[in-house]
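# Below is the structure, and that's it, no one-letter string:
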């Protein structure tokens, strides 16, 4: 497994751990796979999804948390910033987590607000 320049885990590793955590706590979510760096064999009909947050997590009562995972060295793209700003303006909770412990704490906190601690 590759490491970031700073010696921490990669975004892909964070993604795997985050999804494992969500499954272990029976939280429903979806992740749109990023095909960055992969050659496309046909024209993409998913251009409107470019910049969509890494995880869209569903909670009771119609609550949704949109999470972007970044390494400490990672930077948001213009599309990611645009999506997070839009979703926030629409009343959705959004966050950027820069390490897996931050992700765990964010989900625990949000879950407690929605239905009780996990």
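Happy to help now that I have it. The structure displayed is predicted, hence computed values, not measured ones.
# Next, the buried residues of the lengthiest strand in the chain.
Longest strand in the chain by number of residues, with DSSP state E as the criterion: strand 63-69. Across strand 63-69, burial judged by 16 or more other CB atoms under 10 Å covers 64-69. From N, CA and C alone the C-beta is placed, and that goes for glycine too.
# And those, which is closest to residue 33?
residue 69 (13.4 Å; CB to CB).
# quick one: that closest one and residue 91, what's the gap?
22 Å (CB to CB, to the nearest Å).
# Check residue 57 too.
16 Å.
# For those two, indicate the residue with more neighbours.
residue 57 (22 against 7; other CB atoms under 10 Å).
# could you pull out the strands for this structure?
Using DSSP E, strands in the chain cover 28-30, 55-59, 63-69, 93-97.
# now the angle between strand 55-59 and the third one, please.
When you say that, I think you mean strand 63-69. Here the directions of strand 63-69 and strand 55-59 differ by 160 degrees (axes from the mean of the first three to the mean of the last three CA atoms, to 10 degrees).
# Output the contacting helices and strands for strand 63-69.
helix 11-24, strand 55-59, helix 78-89, strand 93-97, helix 100-114 (3 or more CB pairs under 8 Å, 6 or more residues apart in numbering; DSSP states H and E).
# for those, which one sits closest to residue 49?
helix 78-89 (9.2 Å).
# what's the spacing between residue 32 and residue 8?
Residue 32 is 24 Å from residue 8, by CB to CB.
# swap that for residue 24, please
For residue 24 relative to residue 8 (CB to CB), the value is 22 Å.
# Which one's more surrounded, the two?
residue 8 (15 against 9).
# Show the contacting residues for the more buried one.
By CB atoms under 8 Å, 6 or more residues apart in numbering, the contact list for residue 8 reads 71-72, 99.
# Nearest to residue 111 among those?
Nearest to residue 111 among the contacts of residue 8 is residue 99, at 18.7 Å by CB to CB.
# Great, nothing more from me.
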